[in-house]
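**Student:** The amino acid sequence is not available; the structure is as follows:
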């Protein structure tokens, strides 16, 4: 095992990964799925089918709406019964297609073909067709990361197995149960980019995964397993590169600019399926946790399954514990849901159903100027100062203090003794500055 | 299934921005921990100055709490924050830097002023520029100088005496005494300690020593500081650099190790360094900023003690340096990620 590494800043939220030893359980097919055309960063996909059209499982229902975009595939076989605006998990209505399952339909079959014998362009095309995006939550279309004219600048591909979010265990389970697919996905990506140096980075709170990959890759000259000292937000792309290679991505730049491509481990597994079997991304693993659910665990679920159906299929909620908060994603960066009829999308790593105690937050007070937020910020920002500017709606000064560099990891707010909504302020400032720049461009 | 009562479920749901968990370290927790850390100092104070200390402490705390409550309730008409314990901290800290013989009504006024003019005028907790307890002390010193500079010996009989620093200051201005001393070959420190009948260990433990209620026992201050350090509420950059500055400065000025140790153990240096300089609200945030802040406090303390009109300079040095904190914070902003600098 290599010496564990880490980055500067950050903190240690309590590890509440209670589902780490629960194997992934494949759930039955849902009767109905809601597939949003916007499940990734970039342009929404464009629907190509109309109501009453029959679809087979894995058929494309929407094609990429641009280069930075990804197609969406039918996750069940059936009939399109609706299209229009449906509530998106992010809390805004957005375009989606509803499919009702045809119970007689046959499962689509996928045939194996060794992807490593294909040319780099063919591999990239298959990744693009499979609709794989960053499954760690950022949902950036994977093929975009693999398309560059400057391959000579690239020297490393890092697989992100940090999974630093407390409570989430899907990447951990994927690593334990599908290590070969993950390694194959990494090799495919390295072939596309013509890179000879691969790193699988895993936090050292997942020793069994580190040992498994060490064993699988013993004697391998190209791929190394890099343990990381457990710290939040290690899984942030910038922090991960800083930890593994001691390279810092300058403000506004991409991993490519420091010669690195970072891919989530679960994405790597689906890259392998997409290339070797031409199987599109139709499902994903989701951690279900929290005191309110009967059967917490890791589940393989079809994309588009509503949160209500998902929870129902796993056994439902406890009758005696009132539900207080539902979070899609992890406790540090996930978002609270107010509607259980929103679907699980490509970026959904977890559903947390919390009771009153788990959801309780202390009351806010004035800023104490303690400086905890500054010390915790992995991006070297001054959250308390930015908040002051945001309070005065002074976006220019917030911008001057690099609020756009904020990765919204939540370290500042987590450690703030005054319990100030610092991340909310950052998000607001980023949104306002973004709106302003769009307005300026139109002028 | 949860479908049937979904509407009811959705109505109950709490929706907030991320993060959804918190460290549990709140303002109230910090302030009550400071109160706990002050227990050894309070215990030594009451052991030394008995009823005098108790009266003054109760009076300042009462003054501070009444000011906090009344101003928030009747002036700002906002929720009162008495429960977070910060007014009690201010009250206790003020009491600790007052002479034990001070009348209770002055102590009460001091507590009231500390909160009213040291904290609430700025908008309450976290908004003040200066340490509220020291604002209270400074105003009392300006208003009732006689009461603020009369000292008593520990014990029940309250014999009036001089503090070690005041005695040293007086001796240093007494030219005939200085000549006699230099003829006999005795240092001024030896003279001071012999006349007051104290040793360095007395000064460290706080036995048989005149001075402010909380400043005499250094060991009690250090125990409290250790507790705060372990709980992660204070960092040692500022206090250590302040103490080191005073120690080294006194060593080079007096050219004697005893002179330096005397300045280290005399007066409110330890109390100020560990409980006032470390105040989150009125100290810089960065490591380098804190070192600079501590050095500044140390230099001004020494300047006042050696050259100024007062025997003790900890209070004013901290107030003066408080004013520079916004500038210091501006000087030492943390290095941004991606600019090459590492924290």
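**Tutor:** Everything's here; your move. Note that this is a predicted model, so its numbers are computed, not measured.
**Student:** which residues sit in contact with the residue nearest the centre of chain A?
**Tutor:** Nearest residue to the geometric centre of chain A (CA atoms, centre = their mean): residue A:137, 1.5 Å. Going by CB atoms under 8 Å, 6 or more residues apart in numbering or on different chains, residue A:137 touches A:329-330, A:333, A:347, A:349. Heads up, the C-betas are built off the backbone N, CA and C, glycines and all.
**Student:** how about a cut-off of 6 Å?
**Tutor:** Listed by CB atoms under 6 Å, 6 or more residues apart in numbering or on different chains, the contact partners of residue A:137 are A:329, A:347, A:349.
**Student:** Setting aside sequence neighbours, what's the nearest residue to it?
**Tutor:** With CB to CB, 6 or more residues apart in numbering or on different chains as the measure, residue A:347 is the residue that lies nearest to residue A:137, at 4.9 Å, once sequence neighbours are left out.
**Student:** Could you measure from the one you found over to residue A:333?
**Tutor:** When CB to CB, to the nearest Å is applied, the distance between residue A:347 and residue A:333 equals 11 Å.
**Student:** Which one of those two is surrounded by more residues?
**Tutor:** Between residue A:347 and residue A:333, residue A:333 has the larger neighbour count (other CB atoms under 10 Å in any protein chain shown), namely 25 against 21.
**Student:** Can you tell me the SS state at the closest residue to that one other than its chain neighbours?
**Tutor:** Computed as CB to CB, 6+ apart, the closest residue to residue A:333 that is not its neighbour in sequence is residue B:18, at 5.1 Å. Look at residue B:18: counting by DSSP: H, G, I helix; E, B strand; the rest coil, its state is coil.
**Student:** pLDDT at residue B:18, what is it?
**Tutor:** At residue B:18, the predicted lDDT confidence score is 89.
**Student:** now swap in the one 5 residues further on and tell me
**Tutor:** Per-residue confidence (pLDDT) for residue B:23: 92.
**Student:** what's the answer for residue A:65, then?
**Tutor:** The pLDDT attached to residue A:65 in the predicted structure is 90.
**Student:** dump the residue contacts of it.
**Tutor:** Neighbours of residue A:65 in contact, by CB under 6 Å, 6+ apart: A:43-46.
**Student:** Dump those residues to TSV, plus secondary structure, pLDDT and distance to chain B.
**Tutor:** TSV is the format used below for the contacts of residue A:65 (DSSP: H, G, I helix; E, B strand; the rest coil; pLDDT from 0 to 100; distance: CB to the nearest CB, whole Å):
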residue	secondary structure	pLDDT	distance to chain B
A:43	coil	93	25
A:44	coil	93	24
A:45	coil	93	26
A:46	strand	93	31
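**Student:** Counting neighbours, which of the residues you listed comes out on top?
**Tutor:** Greatest neighbour count in the contacts of residue A:65, by other CB under 10 Å, goes to residue A:45: 27 neighbours.
**Student:** Helix, strand or coil: sort out the nearest residue to that one once chain neighbours are set aside for me.
**Tutor:** When the adjacent residues along the chain are set aside, residue A:45 lies closest to residue A:62, with 3.6 Å between them (CB to CB, 6+ apart). Residue A:62 carries the three-state label strand when classified by three-state DSSP.
**Student:** go on, the one 4 residues further on?
**Tutor:** Look at residue A:66: counting by three-state DSSP, its state is coil.
**Student:** check contacts around it.
**Tutor:** Applying CB under 6 Å, 6+ apart, we find residue A:66 in contact with residue A:43.
**Student:** Tell me the helix or strand right after the lengthiest helix in chain B.
**Tutor:** In chain B, with assignment by DSSP state H, the single longest helix is helix B:39-70. Towards the C-terminus, the helix or strand next in line after helix B:39-70, according to DSSP states H and E, is helix B:86-96.
**Student:** List of residues touching that next one?
**Tutor:** Counting contacts by CB under 6 Å, 6+ apart, the residues outside helix B:86-96 that touch it are B:31, B:34-35, B:38, B:56-57, B:60-61, B:64-65, B:68, B:110-111, B:114-115, B:125, B:132-133, B:136, B:213-214.
**Student:** Averaged pLDDT, stretch B:192-212. What do you get?
**Tutor:** If you average the per-residue pLDDT over stretch B:192-212, you get 88.
**Student:** With adjacent residues omitted, what lies nearest to residue 302?
**Tutor:** By default, I'm working from chain A. Nearest residue to residue A:302, sequence neighbours excluded (CB to CB, 6+ apart): residue A:75, at 4.1 Å.
**Student:** um, chain B though
**Tutor:** Leaving aside its sequence neighbours, residue B:302 sits nearest to residue B:249 (CB to CB, 6+ apart; 4.5 Å).
**Student:** So which elements touch the helix or strand the one you found falls within?
**Tutor:** Here residue B:249 sits within helix B:237-254, counting by DSSP H and E. Here helix B:237-254 is seen to pack against helix B:257-265, helix B:287-307 when contacts are counted using 3 or more CB pairs under 6 Å, 6 or more residues apart in numbering or on different chains; DSSP states H and E.
**Student:** tell me which parts of the stretch 51-200 of chain B are close to chain A?
**Tutor:** Taking CB under 6 Å from any CB of the partner chain as the test, the list of the stretch 51-200 of chain B residues beside chain A reads B:124-126.
**Student:** quick one on the thing from earlier: using CSV, lay out the helices and strands packed on helix B:237-254 together with distance to residue A:191.
**Tutor:** Formatted as CSV, the helices and strands packed on helix B:237-254 follow (distance: least, CB to CB, whole Å):
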stretch, distance to residue A:191
helix B:257-265, 68
helix B:287-307, 46
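**Student:** Having no further points to raise, I will conclude here.
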